[in-house]
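Student: Next one to model:
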Amino acid sequence: MDDNNHEEKTENPTSYRLKKAKKEGNNRFSRELNSLLILIISLMIFWFNKQDIVVLFEKIMRSGLVFNSSVIHNKNIFNVNTIFSVNYDIWNILKIIFFPMFLTIFLSIVCSNYNFYIKSLHFDFKKLNPLQGLKKIFSNQIFVEFFKTIFKIFLVSCISYFYMLQSFSTSLKLIGSSISFVLKKNFFAIFSCVLTILITIIPIVLFDIFWERFNYYKKLRMTRKEVRDEFKTTEGDPNVKSRIRRTMREVMRRRMISNVSESDVIIVNPSHYAVALQYKENSMSAPKILAKGSGKLALKIRKIGNEHSIPVLFSSSLARTLYLYTDIGQYVPSTLYAAVAEVLAWVWKIRIWKKEGGIFPEQPHNFFIPLELRTLKEDKDL
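Tutor: I've put the predicted structure just below:
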């Protein structure tokens with residue numbers, strides 16, 4: 001059986017898991033926030049168009065209340081007259097009705113962080129699974145949504161009832177007033193009621209935002225095995241990466257060994273270190289490290305040097321210092337110029353000896369190594 005069925009999902013979702021969820025259309029989304037924004041902006045639209053709305057309804061009421069005895073038996077005349085009476089206000093009607101509809105779509109996209117993926121529209125048979133449906137019915141999410149809905153209905157009912165009681169006595173005083181005045185009073189009463197409702201549901205919206213965020217990350221939690229598997233998928237299997245590193249080291253080692261034959265001198269500690277140097281006076285600003293190694297690799301470098309008749313200089317201190325404080329392909333540091341210059345002078349004498357013969361040049365000894373390198377070298381040896 002799969003271990004994931006028994007292992008608890010205790011790990012927070014990784015960035016890869018979150019990106020994958022968004023690609024699948026699984027976004028963090030608060031419907032309460034979306035609804036609140038739509039209502040607020042719609043209310044603002046009504047407020048800035050209050051004069052047009054009052055005039056529009058006044059025209060409708062005046063047109064509908066005009067009595068014409070010649071068309072009393074025509075049932076459709078009332079509607080036709082009403083429509084024709086407001087045909088020049090069609091833009092106001094469209095603006096008030098269709099703009100909030102457009103706003104609903106736009107804010108849905110904004111609240112989902114502009115994430116829209118075709119994959120989320122695909123038909124999924126898993127959603128028809130009755131067991132999954134039962135789990136959703138008895139989930140915490142359903143109970144929270146139920147109590148939120150009940151609480152909102154309770155708030156809206158109480159506030160509406162309060163405003164109805166408050167406006168009842170005022171409405172009685174409006175008898176005999178002009179249609180325009182009555183419509184304005186009713187508009188402000190309705191506007192105040194809706195505004196109060198919006199203010200009171202803000203705590204519900206804030207709760208919904210945090211609740212959706214909590215549920216979103218909880219749903220995407222992972223088991224430790226899933227985290228390990230994902231790491232292998234995204235970063236690569238550690239065993240494979242280790243083999244790649246070993247292969248790269250082997251390639252670099254072979255390349256380094258092949259460069260030994262081009263060196264001018266090999267400085268060795270008889271049994272531990274070997275460093276191969278090259279110096280081309282016309283193209284190099286300083287001697288370069290072509291190869292270095294310790295143990296078996298040092299013996300390999302010495303062997304190749306002997307096969308190609310490359311001079312080998314024995315100096316424990318200089319070989320160890322160059323091994324510890326230089327890298328392959330790097331130039332010799334300026335603090336060791338004096339010591340390396342003595343070595344190259346010895347190599348130059350060997351070349352003259354090969355041409356002219358005579359006594360073999362004596363190897364230099366007691367190279368100058370700065371105190372700071374000797375101190376650091378001793379610390380590293382410890």
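Student: secondary structure element for Val144?
Tutor: helix 140-173 (DSSP states H and E).
Student: Dump the C-alpha coordinates for the helix or strand immediately after that helix in the chain into PDB.
Tutor: Sequence order places helix 179-200 as the next helix or strand after helix 140-173, per DSSP H and E. Coordinates of each C-alpha in helix 179-200 appear next as PDB, following Å, rounded to 0.1, in the frame of the first residue of the first chain:
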ATOM      1  CA  ILE A 179     -42.900  62.400  -6.900                       C
ATOM      2  CA  SER A 180     -39.300  63.700  -7.300                       C
ATOM      3  CA  PHE A 181     -39.000  64.500  -3.600                       C
ATOM      4  CA  VAL A 182     -40.500  61.100  -2.600                       C
ATOM      5  CA  LEU A 183     -38.100  59.300  -4.900                       C
ATOM      6  CA  LYS A 184     -35.100  61.200  -3.500                       C
ATOM      7  CA  LYS A 185     -36.000  60.400   0.100                       C
ATOM      8  CA  ASN A 186     -36.500  56.700  -0.700                       C
ATOM      9  CA  PHE A 187     -33.300  56.600  -2.600                       C
ATOM     10  CA  PHE A 188     -31.300  58.000   0.300                       C
ATOM     11  CA  ALA A 189     -33.100  55.600   2.700                       C
ATOM     12  CA  ILE A 190     -32.200  52.600   0.600                       C
ATOM     13  CA  PHE A 191     -28.700  53.800   0.100                       C
ATOM     14  CA  SER A 192     -28.100  54.300   3.800                       C
ATOM     15  CA  CYS A 193     -29.500  50.800   4.500                       C
ATOM     16  CA  VAL A 194     -27.300  49.100   2.000                       C
ATOM     17  CA  LEU A 195     -24.200  51.100   3.200                       C
ATOM     18  CA  THR A 196     -24.900  50.000   6.700                       C
ATOM     19  CA  ILE A 197     -25.200  46.400   5.700                       C
ATOM     20  CA  LEU A 198     -21.900  46.600   3.800                       C
ATOM     21  CA  ILE A 199     -20.100  48.000   6.800                       C
ATOM     22  CA  THR A 200     -21.400  45.300   9.100                       C
END
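Student: Helix 179-200: what's the following helix or strand?
Tutor: Immediately after helix 179-200, counting by DSSP H and E, sits helix 202-219.
Student: Return the set of buried residues in that next one.
Tutor: Buried residues in helix 202-219, counted by 16 or more other C-beta atoms under 10 Å: 204-205, 208, 211-212, 216. All C-beta atoms are positioned from the backbone trio N, CA, C, and that covers glycine.
Student: Run the chain-centre distance for it.
Tutor: 21 Å (C-alpha atoms, centre = their mean, to the nearest Å).
Student: returning to what we had before: so can I have a markdown table of the buried residues of helix 202-219 showing distance to Ile38 and pLDDT?
Tutor: Shown next, in a markdown table, are these (distance: C-beta to C-beta, whole Å; pLDDT from 0 to 100):
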| residue | distance to Ile38 | pLDDT |
| --- | --- | --- |
| Ile204 | 15 | 88 |
| Val205 | 12 | 88 |
| Asp208 | 14 | 86 |
| Trp211 | 20 | 86 |
| Glu212 | 17 | 84 |
| Tyr216 | 22 | 81 |
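Student: Dump those residues into CSV; add distance to Ala298 as well.
Tutor: Below are those laid out as CSV (distance: C-beta to C-beta, whole Å):
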residue, distance to Ala298
Ile204, 76
Val205, 73
Asp208, 70
Trp211, 67
Glu212, 65
Tyr216, 59
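Student: now, among those, which is nearest to Lys59?
Tutor: Nearest to Lys59 among the buried residues of helix 202-219, counting by C-beta to C-beta, is Val205 at 37.2 Å.
Student: ok, now how distant is the closest residue to the closest one other than its chain neighbours from Glu145?
Tutor: With sequence-adjacent residues excluded and distances taken as C-beta to C-beta, 6 or more residues apart in numbering, Val205 is closest to Glu32, at 4.5 Å. To Glu145, Glu32 is 10 Å away according to C-beta to C-beta, to the nearest Å.
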